[in-house]
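# generate coordinates for the sequence data below:
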Amino acid sequence: MGGQILAFLLQTAFGLLVYLALMRFYMQVFRAPFRNPIGQFVMALTDWAVVPLRKLLPSVRGYDIASLALAWLAQLVLLVLLYTLVHGVGAGSLPGMVLLQSVIELVRASLQLLVFVVIIQVVLSWVSPRHPLMGVFDALSRPFCNLFRRFVPPIGNVVLSPLLVVIVVQVLLIVLDNLPRALLLGGG
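Numbers count the residues shown, from 1 in each chain. A predicted model of the protein is given here:
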């Protein structure tokens, strides 16, 4: 029971850091406004780690590598701590598998963040299209929804592109869930 509680607390703390760092990275990539409560919250909770990391990892072509590195490092530390908690210290295949799994988990977290953003954007567009946070969610979801808007026009004034984004992301999450098993079995 104590191990489960510790694992839950580690997943909560490190998971929050992973999602915040990813949010910061994607807000900069998609040029979402930071002058709002969400942007200020993300900056306040990640500046302590991103600012020092920027001295080691400066931006490349406008991409905030330090924020992405923070997300990956937090995911990596979480996996190492969880693995150590469950299996103890000293496994031979730990480094390679944990590095691979941390990348897979980072992609999974990015996809889950996209689903969350799309759902919030849709709900806000229905109930409060002029909400101050609409700009953030619209900037983060628009590039993905626009991929489908080109091919699927609105039907009866209902835009289906957010639903299609969520469906495609769910399929990708299923593929990701089976990826480690396929890699371990040599593609089988």
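# got a pLDDT number for the residue sitting furthest away from the middle of the chain?
The outermost residue of the chain relative to its centre, with distances by C-alpha atoms, centre = their mean, is residue 156 at 32.7 Å. Here, the pLDDT recorded for residue 156 equals 86.
# next, give phi and psi for it.
When quoted as degrees, to the nearest 10, the phi and psi of residue 156 stand at phi 60, psi 40.
# next secondary structure after the biggest helix by length in the chain?
Ranked by residue count, the top helix of the chain under DSSP state H comes out as helix 94-127. Using DSSP states H and E, the helix or strand that follows helix 94-127 towards the C-terminus is helix 134-149.
# give me the angle between that next one and helix 94-127.
Going by axes from the mean of the first three to the mean of the last three C-alpha atoms, to 10 degrees, helix 134-149 is angled at 100 degrees with respect to helix 94-127.
# what distance separates stretch 38-46 from the centre of its chain?
15 Å (C-alpha atoms, centre = their mean, to the nearest Å).
# please apply the same query to stretch 141-158.
22 Å.
# ok, stretch 151-166 next?
24 Å.
# excluding chain neighbours, what is closest to the residue nearest to the spatial centre of the chain?
The residue lying closest to the centre of the chain (C-alpha atoms, centre = their mean) is residue 110, at 2.6 Å. Nearest residue to residue 110, sequence neighbours excluded (C-beta to C-beta, 6 or more residues apart in numbering): residue 22, at 5.8 Å. Any C-beta I mention is one placed from the backbone N, CA and C, and that applies to glycine too.
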